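Participant: For reference, the sequence and a predicted model appear below.
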Amino acid sequence: MGRMTPTELANIVEVHPNTIRNWADKGIIESRRDFRNWRYIPNPIETITRIRGLLCGDIKLEKLN
């Protein structure tokens, strides 16, 4: 799987799509823009693993700003 939209990712990890967008804006997860300026998640499998780790408490975030 090469890429995924924020809404598709949100459905898999069971959070609101705006949560995915907010995390991407804060640099918690990686996102990019295509030629239409639509946001996409380039490595969905790695991102899903990271989000699940964050939600379960297995991965800790360092203080952001």
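Facilitator: Structure received.
Participant: Show me where this structure has its strands.
Facilitator: 32-33, 39-40 (DSSP state E).
Participant: and Val13, how many residues sit next to it?
Facilitator: Counted with other Cβ atoms under 10 Å, residues neighbouring Val13 total 15. Yep, even glycine has a C-beta here, placed from its N, CA and C like the rest.
Participant: which residues sit in contact with it?
Facilitator: Neighbouring residues of Val13 by Cβ atoms under 8 Å, 6 or more residues apart in numbering: 20, 48, 51-52, 55.
Participant: Make TSV out of the strands of the chain and add mean pLDDT and distance to Thr5.
Facilitator: Below are those laid out as TSV (pLDDT from 0 to 100; distance: least, Cβ to Cβ, whole Å):
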stretch	mean pLDDT	distance to Thr5
strand 32-33	96	12
strand 39-40	96	6
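Participant: For my notes, please list those strands in CSV and give distance to Ile12 for each entry.
Facilitator: Shown next, in CSV, are these (distance: least, Cβ to Cβ, whole Å):
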stretch, distance to Ile12
strand 32-33, 18
strand 39-40, 14
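Participant: Select the longest helix from the protein.
Facilitator: helix 44-56 (DSSP state H).
Participant: winner for burial among the strands of the chain?
Facilitator: Among these, ranked by average contacts under mean count of other Cβ atoms under 10 Å, first place goes to strand 39-40 (a mean of 16).
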